[in-house]
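Enquirer: Everything below, folded, please.
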Amino acid sequence: MDIVMLLTDYIDSVYGTARGNRARFLKDNPDILPQELSRWLKAGLKIRPETGEIYKPVTRRVRIPSAVAVGAGVFLSDDLRERVASLATAQNVTTDAMLNALVEREELCRKLSLQTENGDAVPEQQIAGIVSRYFSALSERSENGAWHRALEVLVRELTESGLLSFHTGNIAESRRLNIPRTAYYWYGGFVAKRVAMMLGCYDIYLWNEMMRPDSDVVFVGDARNVVACYFICQQMCRLLKAVRLNWRKQQGAWGSRAELDEAAHRYTQRLAEGIMDNGIFIGGDEQNSYRLYNYAEKHYAWAMR
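Expert: As a prediction, the model looks like this:
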């Protein structure tokens with residue numbers, strides 16, 4: 001059902017009723033002249049927030065700011081409408097067909113989500129198997145390109161199988177991932193943070209007693225995504241350890257043990273940075289990031305200091 005409202009009511013709801021609201025409206029719509037706006041308001045013209053069209057129809061369109069789209073009764077902001085239209089054009093379908101396909105896919109994923117006896121809807125073993133299969137194609141000699149291809153295809157399969165979510169409903173935690181502290185310092189912490197960012201999650205470093213040689217990491221976010229973060233980060237740290245040991249073995253004895261160890265760690269660190277510079281990002285807007293950070297601060301305040 002179309003939503004139509006008076007243009008003056010739209011301006012009041014989006015830009016407030018205080019003095020200067022019309023000026024703010026005109027700033028967001030520089031192609032609308034002040035005298036045009038005054039004439040439209042006096043004539044009592046209406047606006048359809050969904051499309052930005054003004055009635056009686058005119059040649060100008062109102063730009064709907066994304067930040068206030070929902071509050072103004074708009075289903076899609078201008079930016080989101082353009083993104084959907086671009087996807088539809090690439091697939092040679094209409095915008096309505098693209099929206100229907102996206103909604104149907106999300107509904108199908110919910111219907112197919114596996115339910116266990118304890119109510120856990122996350123098929124951990126299935127996710128672990130898929131992650132393991134892709135990492136088995138990599139070795140300590142693999143170059144950045146091979147890592148990028150493996151991660152891209154892995155994330156695509158997990159997404160198409162409904163095992164990754166673009167939205168965070170109820171926030172869940174992963175199991176604690178144990179990483180040797182030296183490895184965490186050189187590359188493990190960076191990998192954990194970037195994997196979490198890649199899948200729209202947040203990583204928390206649970207620093208232990210300083211005398212212990214271990215570091216624990218927990219991921220918070222969507223229940224499926226945190227499981228994927230756990231297994232991807234686990235596999236990456238294991239393989240990067242093999243990379244470090246293999247590189248160290250090939251160096252001979254050109255320096256002291258400490259110098260060789262540091263050089264091997266630096267090599268692995270640079271490789272990890274190159275691997276994670278992959279452009280994969282499936283979600284996690286500012287509002288979602290704020291929710292995850294608040295959750296982490298509430299439940300792990302001691303680790304956030």
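
Enquirer: and the protein, what are its domains?
Expert: Per automatic domain parsing, the structural domains of the chain span 5-75, 82-112, 124-303.

Enquirer: and those, which is most packed in?
Expert: Of all the domains of the chain, domain 124-303 has the most neighbours on average by mean count of other CB atoms under 10 Å, namely a mean of 17. The C-beta positions use only the backbone N, C-alpha and C, and glycine is treated the same way.

Enquirer: Look up how far Gly274 lies from Ser161.
Expert: Taking CB to CB, to the nearest Å as the measure, Ser161 falls 28 Å from Gly274.

Enquirer: Now do the SS call for Thr51.
Expert: Secondary structure state of Thr51, per DSSP: H, G, I helix; E, B strand; the rest coil, is coil.

Enquirer: Could you check how far it is from Thr89?
Expert: Going from Thr51 to Thr89 by CB to CB gives 18 Å.

Enquirer: ok, Val122 touching Ala223?
Expert: Yes. Val122 lies in contact with Ala223 (CB atoms under 8 Å); the separation is 4.9 Å.

Enquirer: what do those two both touch?
Expert: Counting by CB atoms under 8 Å, 6 or more residues apart in numbering, the common neighbours of Val122 and Ala223 are Ala172.

Enquirer: Helices along the chain, start to end?
Expert: Here the chain has its helices, by DSSP state H, at 7-15, 21-28, 34-42, 78-91, 95-112, 124-135, 144-160, 181-183, 189-198, 223-250, 257-276, 286-299.

Enquirer: Quick one: residues in contact with the second one.
Expert: Residues from elsewhere that reach helix 21-28, judged by CB under 8 Å, 6+ apart: 11-12, 14-16, 32, 34, 37, 63, 65.

Enquirer: Likewise for the last one?
Expert: Applying CB under 8 Å, 6+ apart, the external contacts of helix 286-299 come out as 168, 171, 173, 200-202, 204, 220-221, 284, 303-304.

Enquirer: So among those residues, where is pLDDT lowest?
Expert: pLDDT across the contacts of helix 286-299 is lowest for Gly284, at 63.

Enquirer: remind me which residues of the stretch 51-200 of the chain are low pLDDT?
Expert: For the stretch 51-200 of the chain, applying pLDDT under 70 flags the ranges 56-79, 104-121.

Enquirer: show me what contacts the nearest residue to Leu164 once chain neighbours are set aside?
Expert: In space, and not counting its chain neighbours, Leu164 is closest to Leu158: 4.5 Å by CB to CB, 6 or more residues apart in numbering. Residues near Leu158 by CB under 8 Å, 6+ apart: 127, 130, 164, 228.

Enquirer: Backbone dihedrals for the closest residue to Gly169 other than its chain neighbours, both of them.
Expert: Counting by CB to CB, 6+ apart, Gly169 lies nearest to Asp222, which is 6.8 Å off, once chain neighbours are set aside. Dihedral pair for Asp222: phi -60, psi 140, per degrees, to the nearest 10.

Enquirer: Over to Leu163?
Expert: Dihedral angles (degrees, to the nearest 10) for Leu163: phi -100, psi 0.

Enquirer: Report the separation between it and Trp302.
Expert: Noted for Leu163: a distance of 32 Å to Trp302, by CB to CB.

Enquirer: do the same with Arg39
Expert: The spacing between Arg39 and Trp302, counted by CB to CB, is 62 Å.

Enquirer: got it, and Asp28?
Expert: Distance, Asp28 to Trp302, using CB to CB: 44 Å.

Enquirer: do the same with Tyr295
Expert: Remark: distance between Tyr295 and Trp302 (CB to CB) = 15 Å.

Enquirer: quick revisit: please identify which of the contacts of Leu158 is nearest to Ala101.
Expert: Closest to Ala101 out of those is Leu164 (17.6 Å), distances taken as CB to CB.

Enquirer: shouldn't that closest one be in contact with Val226?
Expert: No. Assessed by CB under 8 Å, Leu164 is found out of contact with Val226, at 10.6 Å.

Enquirer: so what's Thr17 scoring on pLDDT?
Expert: 84.

Enquirer: what sits against the residue nearest to Gly169?
Expert: Taking CB under 8 Å, 6+ apart, we find Asp222 in contact with 164-165, 167-169, 171-172, 200-201.

Enquirer: which two in the residues you listed are spaced the farthest apart?
Expert: Leu164 and Ile171 (15.6 Å).

Enquirer: if we can go back for a sec, export the helices of the chain to CSV and tack on distance to Asp216?
Expert: Formatted as CSV, the helices of the chain follow (distance: least, CB to CB, whole Å):
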stretch, distance to Asp216
helix 7-15, 46
helix 21-28, 47
helix 34-42, 59
helix 78-91, 38
helix 95-112, 31
helix 124-135, 18
helix 144-160, 24
helix 181-183, 10
helix 189-198, 10
helix 223-250, 12
helix 257-276, 19
helix 286-299, 14
